[in-house]
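A.B. asks: how would this look folded up:
(one chain, ligands or ions: 1)
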Amino acid sequence: MKLKNGVEVLKIFNSLGARNNIYPTVIYDKKNIVLVDTGYPGHYQIIKEQLDNIKLSINDVSKIILTHQDWDHMGSLVSILENKAEAQQIEVLAHEADKPYIEGSKTPLKFTDEFVKKLRKMVGEYSMSKQQELNHILDNFYVKVDKALKDGEVIDICGGIEVIHVPGHTPGNICLYLKKHKILLAGDALNITNGQLYGPDAIYTHDMEQAVNSLSKLTNYQIKTVVCYHGGVYDNNVNKRLEEIITGELNELATKKALR
Ligand SMILES: [Zn+2]
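C.D. replies: Alright, predicted model coming up:
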């Protein structure tokens, strides 16, 4: 789905272990193609096809930004790197606090041995060739981060991509702000359910209090459109809705604390 000239939102259904759409984003200009998050393991082919459909080639992708370490965001990164064209250089970028998890020097928060065992079991339900692909990814999951990102940093391509560090979902969770278009790529800091925008999903959030507090940072930005990795695009008076979410989440945290 084309959001603006130079901003396309992909939509991928049917993932290993999940039955929801995910929405990686592609940002591009004349010189650069930037992929933001890479789907679940096994999504290489569909990402390639969706880029082909919008007349972009996966072999021209020059940067991949991960919003955070989770396996549903870095899932097909290793496949993209393994399948890159001979002359293609891909720079992998992620926040410095999630870098060790993405590189495997720390065990990713959700990618525990027990969880990987579960995934291997699910892999067994696929066709032989798909099983091979998925097992290969699980065996070679970790990837070197070429550039560690910091809060407030602006990647000076495609009209400027600003890094907003919003820890909580994971320590190095980030949103990206495209100033030129007033678009926020929220990653998992926000979610959309049944058309409405909500805060981070408590079940999947490492530190909910920190995640809620991080949201207030987003109110410093004028946001016309939000893209949530789980849920897609939301553009109904975003800043006002953000204030509502923050007030609601803070009340909920206070109630929980009082009950403790
Ligand atoms: Zn996610």
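A.B. asks: the closest residue to the ion within the stretch 1-150 of the chain is in what secondary structure piece?
C.D. replies: Ranking the residues of the stretch 1-150 of the chain by distance to the ion (Cβ to the ion) places D72 first, at 4.5 Å. Any C-beta I mention is one placed from the backbone N, CA and C, and that applies to glycine too. Secondary structure assigned from DSSP states H and E places D72 in helix 71-74.
A.B. asks: and that helix, C-alpha only, in CSV?
C.D. replies: In CSV, the C-alpha atoms belonging to helix 71-74 read as follows (Å, rounded to 0.1, in the frame of the first residue of the first chain):
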residue,chain,number,x,y,z
TRP,A,71,11.9,-12.8,16.0
ASP,A,72,8.9,-11.7,14.1
HIS,A,73,10.8,-8.5,13.1
MET,A,74,14.2,-10.0,12.3
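A.B. asks: contacts for the next helix or strand after that helix?
C.D. replies: Next helix or strand after helix 71-74 toward the C-terminus (DSSP H and E): helix 77-82. Helix 77-82 has contacts (Cβ atoms under 8 Å, 6 or more residues apart in numbering) with 35, 38, 41-44, 47, 58, 61, 64, 66, 90, 92, 133, 137, 140-143.
A.B. asks: emit the PyMOL select command for whichever of those residues are buried.
C.D. replies: Typed into PyMOL, the line below selects the buried ones among the contacts of helix 77-82, using 16 or more other Cβ atoms under 10 Å:
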select buried, resi 35+38+41+42+43+44+47+58+61+64+66+90+92+133+137+141+142+143
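A.B. asks: on that earlier part again, I figured the residue of the stretch 1-150 of the chain closest to the ion was touching I22, is that so?
C.D. replies: Yes - counting by Cβ atoms under 8 Å, I22 is a contact partner of D72 at 6.8 Å.
A.B. asks: shared neighbours of those two, which are they?
C.D. replies: The contact lists of D72 and I22 share 15, 39-40, 229, where a contact means Cβ under 8 Å, 6+ apart.
A.B. asks: turn those into TSV, including secondary structure and pLDDT.
C.D. replies: Shown next, in TSV, are the shared contacts of D72 and I22 (DSSP: H, G, I helix; E, B strand; the rest coil; pLDDT from 0 to 100):
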residue	secondary structure	pLDDT
S15	strand	75
G39	coil	96
Y40	coil	94
Y229	coil	97
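A.B. asks: narrow those to those that are buried.
C.D. replies: 15, 39-40, 229.
A.B. asks: excluding covalently adjacent residues, which one is nearest to N83?
C.D. replies: Using Cβ to Cβ, 6 or more residues apart in numbering and skipping the chain neighbours, the partner closest in space to N83 is Y44 (6.4 Å).
A.B. asks: now the terminal residues of stretch 90-105, how far apart.
C.D. replies: The straight-line separation of the ends of stretch 90-105 (Cα to Cα, to the nearest Å) is 21 Å.
A.B. asks: what are the buried residues along that stretch?
C.D. replies: Result for stretch 90-105 [16+ other Cβ under 10 Å]: buried residues 90, 92-95, 97-102.
A.B. asks: for it, the averaged confidence score.
C.D. replies: For stretch 90-105, the mean per-residue pLDDT is 98.
A.B. asks: repeat that for stretch 26-38.
C.D. replies: Rounded mean pLDDT across stretch 26-38 is 97.
A.B. asks: same question, stretch 243-260
C.D. replies: On average, stretch 243-260 scores 87.
A.B. asks: how far does it sit from its chain's centre?
C.D. replies: Between the centre of stretch 243-260 and the centre of its chain there are 26 Å (Cα atoms, centre = their mean, to the nearest Å).
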